[in-house]
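*Asks:* Have a look at this prediction, sequence included:
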Amino acid sequence: MEKHTRSYLQLIKPGITISNTMTALAGYILASSQFGFDWGTLFGVVFGVAFVIASACVTNNMLDRDLDVKMQRTRGREIASGHISLVAAAIYALVLGLVGFGVLLTLTNQLTLLLGVIAFVWYVVIYGLAKRTTPLSTIIGGVCGALPPLAGYVAGAGVIDTVAWTLFGLLMVWQLPHFYAIAIFRRSDYKKAGLPIWSVSYGATSTKAQILFWVFVFVLLAPIPTLLGVTGFIYLVTILGVSVYWLYQGAQNYPKLDDVAWAKKMFGISLIVLLVLSAGIALGGYLP
């Protein structure tokens with residue numbers, strides 16, 4: 001029973017589900033500093049977003065089973081290995097989706113629900129097709145990954161304003177170095193699966209240049225919430241410190257480390273940046 005439960009838990013890709021829910025929560029708390037706090041809306045954001053993302057991840061596992069069996073890292077996944085049947089996975093995804101969308105509809109607002117639908121379709125259909133057909137798939141896929149903080153903010157604000165688009169832009173840009181780094185140190189797996197991602201199509205050197213470029217863009221965008229007046233000085237200093245460190249480490253270690261080691265280091269720092277960004281967004285409206 002415990003092993004079976006763990007298998008179903010892995011189907012929702014806990015890392016993706018938790019990290020995206022965390023950014024949605026950050027977006028809502030930021031909005032609450034401007035528009036007021038409500039426990040019901042908070043509950044709706046956390047559980048609604050989490051269940052919708054979980055449903056999308058299960059659906060993605062179903063559709064990607066032919067790719068998963070080709071890659072060392074994913075061939076043991078529950079559906080690819082036959083441990084969980086397609087029928088069971090489909091029922092699981094349907095229940096998760098119904099609960100998630102139902103919670104968003106009941107406890108947030110229609111605009112947040114619409115963003116949830118867009119994110120689901122974008123991840124499952126648009127990104128699902130893009131990663132099989134174009135090296136631009138990382139950028140295309142970044143759209144659905146950047147929607148949770150926007151949705152969380154909209155749940156509290158009720159509108160998509162400049163702040164909402166700023167949150168979307170920050171997460172969109174953060175994702176690119178993060179996932180390009182993964183594309184480097186898992187390049188051989190992606191190549192086996194026939195996925196034309198950037199590192200497979202254009203090589204590690206070009207991908208590293210993309211990483212440095214987007215980290216630089218992130219440094220430029222990071223102060224915008226403070227410039228808009230929704231976060232304070234503590235957010236500004238903290239996010240600039242960690243993002244400049246990210247860029248500095250990338251530039252300093254570029255000639256010192258091999259491609260895989262460099263990419264893993266940049267990936268590790270990106271996780272720290274995400275934690276700092278999420279905490280900064282969430283608390284930035286309440287701190288000086």
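*Replies:* Okay, I see it. Numbers count the residues shown, from 1 in each chain.

*Asks:* Can you list the neighbours in contact with stretch 130-139?
*Replies:* 67, 127, 140-141, 175-176, 179-180, 183, 195-198, 200-202 (CB atoms under 8 Å, 6 or more residues apart in numbering). Placement of C-beta: from N, CA and C, glycine included.

*Asks:* how about 7 Å then?
*Replies:* For stretch 130-139, the surrounding residues in contact (CB atoms under 7 Å, 6 or more residues apart in numbering) are 127, 140-141, 176, 179-180, 183, 195-198, 201-202.

*Asks:* Mark which of these are buried, thanks.
*Replies:* In those, burial by neighbour count holds for 127, 140-141, 176, 179-180, 183, 195-198, counting by 16 or more other CB atoms under 10 Å.

*Asks:* In TSV: these, plus secondary structure, distance to Val99 and pLDDT.
*Replies:* Formatted as TSV, the buried ones among the contacts of stretch 130-139 follow (DSSP: H, G, I helix; E, B strand; the rest coil; distance: CB to CB, whole Å; pLDDT from 0 to 100):
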residue	secondary structure	distance to Val99	pLDDT
Tyr127	helix	23	94
Ile140	helix	28	95
Gly141	helix	24	94
Leu176	helix	31	97
Phe179	helix	28	96
Tyr180	helix	34	97
Ala183	helix	33	95
Leu195	coil	31	90
Pro196	coil	35	91
Ile197	coil	33	92
Trp198	helix	36	92
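
*Asks:* Let me know the closest of the residues you listed to Ser55.
*Replies:* Distance to Ser55, by CB to CB, is smallest for Tyr127 among the buried ones among the contacts of stretch 130-139, at 14.9 Å.

*Asks:* now the nearest residue to the closest one once chain neighbours are set aside: how far from Ile269?
*Replies:* Excluding its sequence neighbours, the residue lying closest to Tyr127 (CB to CB, 6 or more residues apart in numbering) is Gly141, at 4.0 Å. Look at Gly141 and Ile269: by CB to CB, to the nearest Å, they are 21 Å apart.

*Asks:* Next: Lys192.
*Replies:* 28 Å.

*Asks:* These two: which is more packed in?
*Replies:* Ile269 (22 against 13; other CB atoms under 10 Å).

*Asks:* Can you report phi and psi for that one?
*Replies:* Backbone torsions for Ile269, taken as degrees, to the nearest 10, come to phi -70, psi -30.

*Asks:* That one reaches Val244, doesn't it?
*Replies:* No - contact criterion CB atoms under 7 Å: Ile269 and Val244 do not qualify, at 11.3 Å.
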